[in-house]
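*Asks:* Only the shape, not the letters, is given here:
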């Protein structure tokens, strides 16, 4: 009996507890349902209009002398006079330095003497030829006379009217005269060959004289053009060696800037304008020429621009150049409107961001204001662009610009979830 009584009491207690729990659950108030809100980010924007703009690119180039000469010498001689130092300004024809010319003068005098000797031989040869020609004419005439007498003598001998011994003596005279004529003719006929030989010798000796004169001229070094001495590698009293560099001269009124242009500008070089800048100084540049062949490893191609005014610039240094590209249809936007990796964020009519990839063509300066010139396949019409540097802007993000867009709900604004955002 006690066991059944215990079970009944336990069941009654459990039933009472279950009833109490049910009553409490029915009395707990149901939580209110809240409507989800979207963050609206406060931003600033700018309006950009399309147009034909001249983009500019900034490059660093090296100044070079358009005309530069390193003076060398083929001689081994002492420097007896040195009139310039590094940085000296010289005019065309100015004496730069002088070498000892003793050996060179001796060589020239020897060449002159040899040439005079061969010239006299040619003159003598001409006289000899004239004499031999006259001697040949005389000998030939004598031979004709002797041959005529021999013919007569032979006719008389055949008739028995002349002794045989007289005929034989006359025949010997004819033979001797024929030999004399042959000798004279040989000398006359060999004259052209002998004269050619002497002329060839004279030509060689004239070349020797020219060489000796050039060597003598090399002892006096003058400026071939006006310019400035870039460097001097020798000193007075020093003995030079053949092929040794003495000094370097460049024309300071003909400088050029060597730069690397982007591959995209190949073929448009003639239309480029450029300005060389250093501090507050500016010099206009004119396109001269461009590299004719490109290397696949190059990031661009080499081009040269002439300085319209080279005064105050020195070759060998580096300077900044602003290259103005041909005008093209594009957008000019503030630098703050272009985000990393070339992205713009357009604000749609629904006040949402739309990311647009663009190509940055260059910069555009207007007074103290600096803009970027951009182009993109999906850019059309007037654009309203984001300029606020949001930490992570994405397409579809809702934005709000005070004074431009309709004011948001004040209640929702007071319940903003994060700084800079407005919950609607």
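*Replies:* Nice, thanks for sending it over. Note that the structure is predicted; figures quoted are calculated from it, not measured. Numbering: from 1, shown residues only.

*Asks:* could you point out where this structure is predicted with low confidence?
*Replies:* For the chain, the stretches with pLDDT under 70 are 1-36, 296, 408-424.

*Asks:* residue ranges of the helices in the stretch 1-150 of the chain, please?
*Replies:* Per DSSP state H, counting those that start in this stretch, the stretch 1-150 of the chain carries helices over the ranges 2-27, 102-159.

*Asks:* for the stretch 201-350 of the chain, what spans make up the helices?
*Replies:* Under DSSP H, counting those that start in this stretch, the stretch 201-350 of the chain gives no helices.

*Asks:* what are the ranges of the strands in it?
*Replies:* 220-222, 227-232, 244-250, 255-262, 273-278, 281-290, 300-307, 318-324, 328-334, 343-347 (DSSP state E, counting those that start in this stretch).

*Asks:* Not counting the third one itself, show me its contacts.
*Replies:* I take that to be strand 244-250. Residues from elsewhere that reach strand 244-250, judged by CB atoms under 8 Å, 6 or more residues apart in numbering: 65, 67-73, 84, 90, 96-97, 221, 223-225, 227-234, 240, 315. Using the backbone N, CA and C atoms, a C-beta is placed for each residue, glycine as well.

*Asks:* 6 Å instead, please
*Replies:* With contacts defined as CB atoms under 6 Å, 6 or more residues apart in numbering, strand 244-250 is touched by 65, 68-73, 227, 229-234, 315.

*Asks:* And the longest one, by the same measure?
*Replies:* Surrounding strand 281-290, the residues in contact under the criterion CB under 6 Å, 6+ apart are 269, 272, 274-276, 303-309.

*Asks:* Quick check on these: which are buried?
*Replies:* Buried residues within the contacts of strand 281-290, counting neighbours by 16 or more other CB atoms under 10 Å: 269, 272, 274-276, 303-307.

*Asks:* quick check, nearest of those to residue 183?
*Replies:* residue 304 (74.3 Å; CB to CB).

*Asks:* coming back round to it: can I get the buried part of the contacts of strand 244-250 as one ChimeraX selection?
*Replies:* Buried subset of the contacts of strand 244-250, written as a ChimeraX selection, criterion 16+ other CB under 10 Å:
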select :65,69,71,72,73,227,229,230,232,234,315
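
*Asks:* Give me the neighbour count for residue 301.
*Replies:* 19 (other CB atoms under 10 Å).

*Asks:* That one is in contact with residue 293, isn't it?
*Replies:* No. Look at residue 301 against residue 293 with CB atoms under 6 Å: they stay out of range, at 8.8 Å.

*Asks:* Any figure for the gap between residue 346 and residue 380?
*Replies:* Distance of residue 346 to residue 380, computed by CB to CB, to the nearest Å: 10 Å.

*Asks:* Those two: who's more crowded?
*Replies:* Between residue 346 and residue 380, residue 346 has the larger neighbour count (other CB under 10 Å), namely 20 against 8.

*Asks:* Excluding chain neighbours, what is closest to that one?
*Replies:* Take residue 346 and drop its neighbours on the chain: the residue closest to it by CB to CB, 6 or more residues apart in numbering is residue 354, 4.5 Å away.

*Asks:* after the strand or helix carrying the one you found, next one along is what?
*Replies:* When elements are assigned from DSSP states H and E, residue 354 belongs to strand 353-357. Later in the chain than strand 353-357, the nearest helix or strand by DSSP H and E is strand 359-366.

*Asks:* mind listing what's buried in that next one?
*Replies:* Using 16+ other CB under 10 Å as the test for burial, strand 359-366 gives 360-364.

*Asks:* What is the nearest of the residues you listed to residue 207?
*Replies:* residue 362 (60.8 Å).

*Asks:* tell me the contacts of that closest one?
*Replies:* Applying CB under 6 Å, 6+ apart, one finds that residue 362 lies in contact with 55-57, 325, 373.

*Asks:* can you redo those residues as JSON lines with neighbour count and distance to residue 101?
*Replies:* Below are the contacts of residue 362 laid out as JSON lines (neighbours: other CB atoms under 10 Å; distance: CB to CB, whole Å):
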{"residue": "55", "neighbour count": "22", "distance to residue 101": "61"}
{"residue": "56", "neighbour count": "19", "distance to residue 101": "57"}
{"residue": "57", "neighbour count": "20", "distance to residue 101": "56"}
{"residue": "325", "neighbour count": "21", "distance to residue 101": "58"}
{"residue": "373", "neighbour count": "24", "distance to residue 101": "65"}
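
*Asks:* out of these, what pair is the most spread apart?
*Replies:* So, the contacts of residue 362 by CB to CB: farthest apart are 57 and 373, at 9.9 Å.

*Asks:* circling back: most widely separated two among the contacts of strand 281-290?
*Replies:* 269 and 309 (21.3 Å).
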